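A.B. asks: requesting a structural model of the entry that follows:
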Amino acid sequence: MNAQTTFRIVLLLWTVIFIASFVDFGSGGEMSLGVVSAWKFAILQILAAVLAVTAWIQGRRFDYGSRQRAASRIPGIIELAILIGIVLFVVTAQVIAPGLVGGR
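C.D. replies: Residues are numbered from 1 along each chain as shown. Alright, predicted model coming up:
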């Protein structure tokens, strides 16, 4: 297996896991279902982040300025943007309602 094939497999796996993290697998109206969906999202995003780092490392094998090298950066940038968005959401929630988020 050459570098191009390995890179394509990593990008395909990242895409599938990334999309799957946003799909709600739950059915029914239980309150705990939202917590389960949040955990599924978090676990799948962690797996997607690991694959994004792998894609970034795989991209270093390609020539500087090539399309493959540029494409290898996209999953990492998207994962970083999601992480920043989640952190900003939590910080904003703590500013708006400090007693409701992690408070006593």
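A.B. asks: separation between the residue nearest the centre of the chain and Y64?
C.D. replies: In the chain, the centroid-proximal residue (Cα atoms, centre = their mean) is Q45; its distance is 3.6 Å. With the distance defined as Cβ to Cβ, to the nearest Å, Q45 ends up 30 Å from Y64. Heads up, the C-betas are built off the backbone N, CA and C, glycines and all.
A.B. asks: quick one: low-confidence ranges for this structure?
C.D. replies: 24-35, 99-104 (pLDDT under 70).
A.B. asks: top helix in it by residue count?
C.D. replies: As assigned by DSSP state H, the longest helix anywhere in the chain is helix 67-96.
A.B. asks: now that one: buried residues?
C.D. replies: Q68, R69, S72, P75, G76, E79, I82 (16 or more other Cβ atoms under 10 Å).
A.B. asks: out of those, who's nearest Q58?
C.D. replies: S72 (6.0 Å; Cβ to Cβ).
A.B. asks: surely that closest one touches G59?
C.D. replies: Yes - using Cβ atoms under 8 Å, S72 is in contact with G59, at 2.4 Å.
A.B. asks: shared neighbours, the two?
C.D. replies: By Cβ atoms under 8 Å, 6 or more residues apart in numbering, S72 and G59 have these common neighbours: F7.
A.B. asks: okay, and the spatially closest residue to the residue nearest to the centre of the chain that is not a sequence neighbour sits in which element?
C.D. replies: Spatial nearest neighbour of Q45, excluding adjacent residues (Cβ to Cβ, 6 or more residues apart in numbering): S21 at 5.2 Å. S21 is located in helix 3-22, with elements delineated by DSSP states H and E.
A.B. asks: need the next SSE after that helix, C-terminal direction.
C.D. replies: On the C-terminal side of helix 3-22, the closest following helix or strand by DSSP H and E is helix 32-59.
A.B. asks: only alpha carbons, please: show stretch 65-76 as CSV.
C.D. replies: C-alpha atoms of stretch 65-76 as CSV (Å, rounded to 0.1, in the frame of the first residue of the first chain):
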residue,chain,number,x,y,z
GLY,A,65,2.2,22.8,-2.1
SER,A,66,0.5,19.7,-3.5
ARG,A,67,-3.2,19.2,-3.4
GLN,A,68,-2.8,16.1,-1.2
ARG,A,69,-0.8,18.0,1.3
ALA,A,70,-3.5,20.8,1.4
ALA,A,71,-6.3,18.2,1.7
SER,A,72,-4.5,16.6,4.6
ARG,A,73,-4.9,19.8,6.6
ILE,A,74,-8.7,20.2,6.2
PRO,A,75,-9.8,17.5,8.7
GLY,A,76,-7.5,19.0,11.4
